[in-house]
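Enquirer: got a predicted structure plus its sequence, pasted below:
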Amino acid sequence: MDREGTLEEEARVAEPAPSVPEHFVRFPLSQRLEHVVIMLTFTILVVTGISQKFHDASWAQSVILRLGGVETTRLIHRWAALFFAIGAFYHLGYVGYGVLTRRTRWSMVPTLQDAQDVVMSLRYSLGLSQRQPLFGRFDFRQKFEYWGLVFGGVMMIVTGFLLAYPIFFTRVLPGELIPAAKEAHSNEGLLAFLTNVIWHLYGAHLAPGRFPMDTS
């Protein structure tokens, strides 16, 4: 090898390795805006919905009065529900388009590996194993919560429309469907609230290593 070639090799070796960025964009701006819309509408729906569910309680009556009465509370609830439904339909359309055009991967679909990760996580939590599972972009907990939001959101939207227009729907559907929709809507709303407080807020904000929040 000649002297010039040796100098070129030494120069390449002396070049510093490219630095690895410290921060990565996990979610695009559109998905972050989706989360803000869902977060705000969900909070409004919980406040206005739970207060109506437990209207006999003094705290619920106080909330309703502060919102301007039961009619105003119902109106706020329905407007928030409309924006929640728009956000849900936008998300489903966005994901569906991405899958059809192959721009989006099925990364939120549960797999056999998720079941294995559940077992490994339980073994680690119980002290039966020293290994923690390695996850992809989303772990089994995030997938469980995501599909809970999807199916729960669909149920809330469908039953909410039935309750908003009961006379119209009972012209073509059995009347017993309305009280059934009321029970499903009310109980699913309470379940969603408890799941969000106990599961999501802990996992994203209060868990050790993530407090005060998961910035992603």
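Expert: Cool, the structure landed. Numbering: from 1, shown residues only.
Enquirer: can you pull out the low-pLDDT segments for the chain?
Expert: Applying pLDDT under 70 to the chain picks out residues 1-21.
Enquirer: OK, contacts around the residue most central in space within it?
Expert: In the chain, the C-alpha nearest the mean C-alpha coordinate belongs to residue 146, at 5.0 Å (CA atoms, centre = their mean). Counting by CB atoms under 8 Å, 6 or more residues apart in numbering, residue 146 touches 108, 138. All C-beta spots, glycine's among them, are computed from the backbone N, C-alpha and C.
Enquirer: name the nearest residue to residue 95, ignoring sequence neighbours.
Expert: Nearest non-adjacent residue to residue 95, counting by CB to CB, 6 or more residues apart in numbering: residue 104, 6.1 Å away.
Enquirer: ok, that neighbour to residue 137 distance?
Expert: Distance, residue 104 to residue 137, by CB to CB, to the nearest Å: 12 Å.
Enquirer: all helices of this protein, in order?
Expert: 3-14, 29-53, 58-66, 70-100, 112-125, 140-164, 166-170, 177-195, 201 (DSSP state H).
Enquirer: for the third one, packing partners?
Expert: Spelled out, it's helix 58-66. Contact here means 3 or more CB pairs under 8 Å, 6 or more residues apart in numbering; DSSP states H and E; on that basis helix 58-66 packs against helix 29-53, helix 70-100.
Enquirer: residues contacting that helix, please?
Expert: Identification of contacts with helix 58-66 by CB under 8 Å, 6+ apart yields 47, 50-55, 70, 73.
Enquirer: let's go with 10 Å and repeat that
Expert: Identification of contacts with helix 58-66 by CB atoms under 10 Å, 6 or more residues apart in numbering yields 47-48, 50-55, 57, 70-74.
Enquirer: taking the residues you listed, please make a PyMOL selection of just the buried ones.
Expert: With 16 or more other CB atoms under 10 Å as the burial test, the buried ones among these are selected in PyMOL as follows:
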select buried, resi 47+48+50+51+52+53+73+74
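Enquirer: want to throw the contacts of helix 58-66 into CSV with distance to residue 127?
Expert: Formatted as CSV, these follow (distance: CB to CB, whole Å):
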residue, distance to residue 127
47, 41
48, 45
50, 39
51, 43
52, 45
53, 41
54, 41
55, 47
57, 42
70, 52
71, 56
72, 54
73, 49
74, 51
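Enquirer: just to revisit the earlier point, kindly reformat the helices and strands packed on helix 58-66 as a markdown table containing distance to residue 201.
Expert: Converted to a markdown table, these look like this (distance: least, CB to CB, whole Å):
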| stretch | distance to residue 201 |
| --- | --- |
| helix 29-53 | 11 |
| helix 70-100 | 19 |
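Enquirer: out of these, which is closest to residue 214?
Expert: helix 29-53 (11.9 Å; CB to CB).
Enquirer: flag every buried residue along that closest one.
Expert: 34, 37-38, 41-42, 44-53.
Enquirer: same check on stretch 60-68?
Expert: 60, 63-64, 67.
Enquirer: show me which of those residues is closest to residue 89.
Expert: residue 67 (26.7 Å).
Enquirer: contacting residues around that closest one?
Expert: Under the criterion of CB under 10 Å, 6+ apart, the neighbours of residue 67 are 47-48, 51, 73-77.
Enquirer: any figure for the gap between it and residue 91?
Expert: Taking CB to CB, one finds residue 67 at 28 Å from residue 91.
Enquirer: also residue 43?
Expert: Between residue 43 and residue 91 the distance is 18 Å, computed by CB to CB.
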